[in-house]
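J.: Dropping a prediction and its sequence here:
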Amino acid sequence: MVKNRSIRNIGSIEKEPGKSEYTVQLGDADGIANASIRIGGEDSSVGNKFVPNVNVLKWNDECWLNINHQETVVTSEKESFIDGELALTIGELVYRYSVENGRLKYGIDLLSRPATNVLEFDLDFSEGLEFGYQNTLEDEWKKEPRGLSLKEYLATRDRSDDTIGSYAVYWRKAHNQYRTGKFCHIYRPKLTDAEGNSCWAEWELDLEHKKLRLIMDGDWLDNAVYPIDPDYTIGYASVGSSSWDTDDQIYMKTDPTAEEDGVAKTLHYAPKNTGEYKVALYADDKSRLSNEYTDTGTGGVFDSVDISGESITITQGVDYHPAFAIEQGTGGRYDGWAAGGPFYCWTNGASYEMPDPFPSCNDESNYRVSCYLTYGTVDYYHGLKVQGEAAELALCDVGTNPLRIRKGATTYGIELVETADGNASRVRIKLAAGVKSLRKYT
């Protein structure tokens, strides 16, 4: 496994100087959960020639995935790198890599009818990485009808053709910089021949032997016009690749237990469409820990709500649950999951609010919903921090001049007065306007 060495180029493939390696960074637009991707490397067993590895790392190399086509026989190699597209001819195979719509497009050109309908890739990955197959919505409905008919279910769900038959890949952690824990998305493969005819292929994942197999339709290969351009696309956005839209339910998410003590900082939610939603944080006993917040998010990206002013204590080893409600048309993003959940519960026929306590759940779900909590250590200031009215402490002029101290959701004030004032204490504070006194409590 190749370690990350300060990959800086974002969104475009670049060659590492003096090396048989190419690098790119892809991920969310804000860069918080970007993936560092390395293509290639050298193999001393074949004379230090290029080998077609794709190595992906995230979160300071804590989590990684390596995809390698071991069947390649490196007898000769020819490299082409034009306008950000990398093409490597190795023996009888042509490997292509490019970036399209923030995803890595990767494929092995088929110059003639292959001897087998299967291409096999070796996988290696960090312990704790999980692969979730994205079924058809019809099959998903059979497992989680949620009280809806198939027609109603399909009317409120969206899953693109390249998401059906794909794998969402998740890490075991889901908070802070890990967001929901989504590592990448291995989309459904597609083959296109020289005349533009296309056909979907299938992935077969063998975790026991760490193999990923591309299964191609034999009849289509027999009748295709060669060469064939394959498309194995890997996406790195943290939001789910499917979406739903209902307005009569509220949802409470099941996150991993807190890994450290601290305070709650932000709640994040990714709506399907731009629109209004509500969020709150709940304890494991379903009591509400935070206030209810209403915000407007942008479709397809994470929105953030600051709850740090409430000073909610987070305790290591305890479960905390982000919860949300959505307006009609706002919807949400998610990835389907077969096992390992449930990842959230939902209440049907609920009003558009975040009640305390959270009501009994109608059912539980294995959706991996795009919602998460951030928390961290408390920030301490040594001495007084003088800022504006909205800050933690604010020192103002006489008349509108309380020294404001915020505790939880309440603001307290200590007034400054002239030193000659009958209620002046012996505590003096020097300001630009002169020396003032703290007013005595009366």
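T.: Ah, there it is.
J.: Then E138 would be within a helix, right?
T.: Yes: E138 forms part of a helix when assessed by DSSP: H, G, I helix; E, B strand; the rest coil.
J.: Check the gap between it and C361 for me.
T.: 25 Å (Cβ to Cβ, to the nearest Å). Quick note: C-beta positions are derived from backbone N, CA and C, even for glycine.
J.: now swap in E259 and tell me
T.: In this view, E259 and C361 are 26 Å apart by Cβ to Cβ.
J.: Ok, N60 next?
T.: Remark: distance between N60 and C361 (Cβ to Cβ) = 36 Å.
J.: Which helix or which strand is home to the closest residue to G165 other than its chain neighbours?
T.: Closest residue to G165 apart from its sequence neighbours, by Cβ to Cβ, 6 or more residues apart in numbering: R188 at 4.2 Å. Secondary structure assignment for R188, by DSSP states H and E: no helix or strand.
J.: and R188, how many neighbours?
T.: 20 (other Cβ atoms under 10 Å).
J.: Got the confidence number for it?
T.: We note a pLDDT of 97 for R188 in this prediction.
J.: That one touches A168, doesn't it?
T.: No: here R188 does not reach A168: they are 11.8 Å apart, not a contact under Cβ atoms under 8 Å.
J.: and this protein, what are its domains?
T.: The record assigns the chain these domain ranges, following automatic domain parsing: 14-129+171-235, 242-376, 393-439.
J.: Turn those into JSON lines, including distance to Y153.
T.: Shown next, in JSON lines, are the domains of the chain (distance: least, Cβ to Cβ, whole Å):
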{"stretch": "domain 14-129+171-235", "distance to Y153": "21"}
{"stretch": "domain 242-376", "distance to Y153": "9"}
{"stretch": "domain 393-439", "distance to Y153": "40"}
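J.: can you tell me which of the ones you listed comes nearest to R157?
T.: domain 242-376 (5.0 Å; Cβ to Cβ).
J.: before we move on, the earlier item: looking at E259 and C361, which has the bigger crowd around it?
T.: A direct count of neighbours by other Cβ under 10 Å for E259 and C361 places C361 higher, at 17 against 13.
J.: low-scoring stretches of the stretch 101-250 of the chain, by residue?
T.: Scanning the stretch 101-250 of the chain with the threshold set as pLDDT under 70 gives 145-146, 247-249.
J.: can you give me the helices for it?
T.: 137-143, 150-155, 218-223 (DSSP state H, counting those that start in this stretch).
J.: so of those, which one's packed in deepest?
T.: Across the helices of the stretch 101-250 of the chain, averaging neighbours per residue (mean count of other Cβ atoms under 10 Å) puts helix 137-143 on top, at a mean of 15.
J.: hmm, who's touching that helix?
T.: Contact with helix 137-143 is made by 148, 150, 153-154, 157, 159, 336, 366, as judged by Cβ atoms under 8 Å, 6 or more residues apart in numbering.
J.: let's see it at 10 Å
T.: Residues outside helix 137-143 that contact it (Cβ atoms under 10 Å, 6 or more residues apart in numbering) are 133-136, 148-154, 156-159, 163-164, 242, 244, 336-338, 365-367.
J.: can you tell me which of those residues are in strands?
T.: 133, 157-159, 242, 244, 365 (DSSP state E).
J.: Compare those residues and tell me which is most surrounded.
T.: Ranked by the number of neighbours (other Cβ under 10 Å), those place S242 first, at 24 neighbours.
J.: Touching, that one and T136? I think so.
T.: No: counting by Cβ atoms under 10 Å, S242 does not reach T136; the two are 11.1 Å apart.
J.: overlap in contacts of these two?
T.: Common contacts of S242 and T136, defined by Cβ under 10 Å, 6+ apart, comprise 159, 164, 336.
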